[in-house]
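Student: how would this look folded up:
(2 chains)
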Amino acid sequence: MPTTVIHKQAVSDLQPGQQGNIVAVSGPAEIRHRLLEMGLTPGTRVELIRVAPMGDPVEIRVRGYRLSLRKSEASAVRIDAA
Amino acid sequence: MADTQSVTAPPSRIAIAGNPNSGKTTLFNALTGLRQKVANYPGVTVEKREGEIAGLNITLLDLPGTYSLTARSPDEQIARDVIQGRLEGVPRPDGILIVVDAANLERNLYLATQILDFGWPVVIACTMSDLAAENGLHIDYARLSMELGVPVVPVVASKGVGLDELRHALTRLTKHAERARPWPLEPAFEEAVEHVATCVNQCNALPPHATRAGALLWLMDFLSGEQGSRSSAERFLAKLPTGCAQSIRSAAGTLAAKHGDAPASAIEARYRWISELTRRVVTGPNEAGTITRSDRLDRLLTHKVFGLVIFAAVMFGLFASIFWWAEPLMGLIESAQNAVSAGVRRVMPDGPLQSLLTDGLITGVGAVVSFFPQICILFFCLGVLEDTGYMARAAFLMDRLMSRVGLHGKSFIPLLSSYACAIPGILATRTIESTRDRFTTILIAPLMSCSARLPVYLIVIGAVFGERTIVKAGLMFGLYALGTITALVMALVFKRTIFAGPRPPFIMELPPYRLPRLRTLILTTWERSRLFLTNAGTTIVAVCIVLWALTYFPRMSAAQGEAAVKALPAAQTEGPSRADVLASEQLRQSYMGRLGHAIEPVMKPIGLDWRMGVGILSSFLAREVFVGAMGITFAVGDPEQHGDTLRDQMAAATWPDGRRVLGVAAACSLLVFYVFACQCISTLAVVRKETGSWRWPAFMFAYMTVLAYVAALLVYQVGTRIMGGA
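Tutor: Next up is the predicted model:
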């Protein structure tokens, strides 16, 4: 049994300006593979830049470029809160 | 750097590949100038652009911009098939020019290294090298070239920087040779790649230097769990001998059993290597702190309040420009068409041939050409939105709204454009990757009230509601709202039924803002518009000629004409002219008129008589023809000059028992019919081109007609009961 609770969260939980390191990408294979191919691989640093005016999607910074995802996709990208 | 090859040697063919937004098209244009031609790849609406590099005897083939070679979409499928040398009708390239955005090196290198694996002679052009420097990134291009083992040329295509070096590199391509992948996969995966590569080698399905890369890509597609990739992998197997295919399939099965998610491990391994490579090659500030010019613009343009206000203004501008700039041009085209028709009438004797030319052919060509200004303007505006990077922001801002009805942010602009004309709207759906979303958008686009419905709305509302301005304005607004709401409801219905399936992801790059290049814009606008003329144009002209024949034949006898003129009340001094009456009588007894009579039993329940039936049937040419057809059936001559007369005539039309035909209920029924019915042969022709079969236009026509009829029936039946037959 783990004695410490590792608090893991997803990119969708970040506030604008917050960053995290990707630990895993979950979700259905076709979406997971696309996210991986766009550079969201474990170990990569992501920053949430902003949330769209109507609350969804979100804009993130990853590998030096800007990517937008719906919150449902962003919740599949698990991160270590930094 | 003169061409050393003899002029008779066939040009070497170089494919140009890269990520979307990597500056690939700008570089292509800079290298080829105006020496290019655009077509579609066989069977799909993916643009195929080819051009010559002056003085070098090189043909450049522009591949669709993709992020990877995984074959999910038709774009990716084509890029990948060309790179493997397997696309029918496209010869194997002699080399590949890979375009890499220097300001976004890591993600761009993903595709670049996938292509490098195949062992073709490659030259890499690093675009946006100025932007990378501006962002504080220092890139060691010589080192990058050494590490990748291919020439790397930094360029700034818009300013012509580095183009001479690039041309020089393209004339000195190395030989094809397998390039060993510099990073390992997991042992089970390596084993599977070797096994598949051996099989592929045995049946000669790929050139030897490409078999390992092909095997890796095939395994990733086969195991990806994504439908498009899986079926692409199956298509590859189907072309191999059975034994070979079976052996490959079993290798994939073994790998899948040993490894939960093999494709993911391969993607991660490639990126790990790329990250290490870029760490050696790029020095610069920790990017977390950098705020670029583009970021500052985004703060405003995607702002919660200002972002939406600016968006509304941009959309209004787009809408207004299609709507208003096209009007005078369309007027010009119409006058030109009339002048040509008049000229033909002067030099040719009356008769079937003259009528075929003027009322059939010239009208048909006119119908096509009159869409042309709208299409050019829309393509130009879309090009501006695309090239500046604002298009992606529009989708970002609108996705929430569109996702409520199961659509994608990218569906917004095509639907908005459809208020002007469904044709450019449908053509604008090409940016939507998911076929299900794209086809749903196409199917609902014609429900948006286009500008061609406006004259019909105006004349019918005018005929019935006279001077009651508030009622007229309210009704007009109601018609637009009715079309829009129904379109959104239909989107929901389609997404739950015929296009049911997992919601496609919204994973979209927000490229940095850029200034568009006028030359590129004009070139792409012209090429895309020209494709519309040649593709849809032929169908439209053909159908116009058929419709002409239906109204021209059979000819009435002279006696019939005389009888019709005599039947007029003698007291009428300001009555219709003799020619108008003859034209009206000819239409009444033509096949079209007979059809109108034949469908009267169907029209009656929605409150319309045969004349409106003829109007509706002729509207299939284009809705605005309704007004002209009404002009002929009511024998008022040119409705442009006698608009008021036509309105009065329509308002006064009666059934044989003396009741008014166009009461409030019938008028509303007719209007509702026009909101929903797909009476536009040009739209159907474009849908056929865009979807690749007659199935979709047939379905579109059927569902919209049923919708129109049922709605009109409801309006008329309920209306007459409430108003007691008004």
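Student: if I look at the residue sitting nearest the centre point of chain B, how far off is residue B:143?
Tutor: Taking C-alpha atoms, centre = their mean, the centroid of chain B lies closest to residue B:427, which sits 2.1 Å from it. Noted for residue B:427: a distance of 44 Å to residue B:143, by C-beta to C-beta, to the nearest Å. Heads up, the C-betas are built off the backbone N, CA and C, glycines and all.
Student: quick revisit: next, the residues that contact the helix or strand in which the residue nearest to the centre of chain B is found from outside, please.
Tutor: Per DSSP states H and E, residue B:427 falls inside helix B:422-427. By C-beta atoms under 8 Å, 6 or more residues apart in numbering or on different chains, the residues outside helix B:422-427 that reach it are B:322, B:371, B:374-375, B:378-379, B:414-418, B:442, B:445-446, B:448, B:450, B:528, B:532, B:536, B:680, B:682-683, B:686-687, B:690.
Student: which ones are touching the residue nearest the centre of chain A?
Tutor: For chain A, the residue whose C-alpha lies nearest the mean C-alpha position (C-alpha atoms, centre = their mean) is residue A:11; its distance is 3.1 Å. Contact criterion C-beta under 8 Å, 6+ apart gives A:20, A:22, A:46, A:48, A:58, A:60, A:69, A:74, A:75, A:77, A:79 as the residues in contact with residue A:11.
Student: for chain A, which helix is longest?
Tutor: With DSSP state H setting the assignment, residue counts place helix A:29-37 as the longest helix in chain A.
Student: Show the subsequent helix or strand relative to that one.
Tutor: Downstream of helix A:29-37, the next assigned helix or strand under DSSP H and E is strand A:45-51.
Student: rewinding a little: model confidence for the residue nearest to the centre of chain B, exactly?
Tutor: Looking at residue B:427, its pLDDT stands at 83.
Student: Quick check: it vs chain A, distance?
Tutor: Taking C-beta to the nearest C-beta, to the nearest Å as the measure, residue B:427 falls 24 Å from chain A.
Student: In strands, which of the contacts of residue A:11 fall?
Tutor: Among those, the members found in strands (DSSP state E) are A:20, A:22, A:46, A:48, A:58, A:60, A:69, A:77, A:79.
Student: filter these by proximity to chain B?
Tutor: Near chain B, judged by C-beta under 8 Å from any C-beta of the partner chain, the entries from the ones in strands among the contacts of residue A:11 are residue A:69.
Student: Give the closest residue to residue B:444 in space, chain neighbours not counted.
Tutor: Across the structure, with C-beta to C-beta, 6 or more residues apart in numbering or on different chains as the measure, the residue nearest residue B:444 apart from its sequence neighbours is residue B:487 (4.2 Å).
Student: Burial check on the one you found, number of neighbours?
Tutor: Counted with other C-beta atoms under 10 Å in any protein chain shown, residues neighbouring residue B:487 total 21.
Student: where does it fall, helix, sheet strand or coil?
Tutor: Each residue gets one of three states, and residue B:487 gets helix by DSSP: H, G, I helix; E, B strand; the rest coil.
Student: need the contact list for it.
Tutor: B:415, B:444, B:445, B:447, B:448 are the contacts of residue B:487 under C-beta under 8 Å, 6+ apart.
Student: Find the pair from the residues you listed with maximum spatial separation.
Tutor: Between any two of the contacts of residue B:487, the greatest separation by C-beta to C-beta is 9.2 Å, found for B:415 and B:447.
Student: Please list the members of the contacts of helix B:422-427 that lie in helices.
Tutor: Among the contacts of helix B:422-427, the members falling in helices are B:371, B:374-375, B:378-379, B:414-417, B:442, B:528, B:532, B:536, B:682-683, B:686-687, B:690 (criterion: DSSP H).
Student: Please say whether there is contact between the helix or strand residue B:27 falls within and chain A.
Tutor: Assigned by DSSP H and E, residue B:27 belongs to helix B:24-32. No: no part of helix B:24-32 sits close enough to chain A to count as contact by C-beta under 8 Å from any C-beta; the gap is at least 15.8 Å.
Student: Now find how far off-centre the very next helix or strand once past that helix is within its chain.
Tutor: Tracing the chain past helix B:24-32, the next element assigned as helix or strand by DSSP H and E is strand B:36-40. Between the mean C-alpha point of strand B:36-40 and the mean C-alpha point of its chain there is a distance of 16 Å (C-alpha atoms, centre = their mean, to the nearest Å).
Student: Touching strand B:36-40 from outside, list them.
Tutor: In contact with strand B:36-40 (C-beta under 8 Å, 6+ apart) are residues B:28-29, B:46-52, B:523, B:527-528, B:530-531.
Student: Sort out which residues of that strand are buried, please.
Tutor: By 16 or more other C-beta atoms under 10 Å in any protein chain shown, the buried positions in strand B:36-40 come out as B:36, B:38.
Student: Sheet partners, orientation included, of that strand?
Tutor: Strands flanking strand B:36-40 in the sheet, each with its direction: strand B:47-53 (antiparallel) (DSSP bridges).
Student: List phi and psi for residue 15.
Tutor: No chain was given, so I picked chain A. When read as degrees, to the nearest 10, the backbone of residue A:15 gives phi -90, psi 150.
Student: could you do chain B instead?
Tutor: Its backbone dihedrals place residue B:15 at phi -90, psi 140, with angles given as degrees, to the nearest 10.
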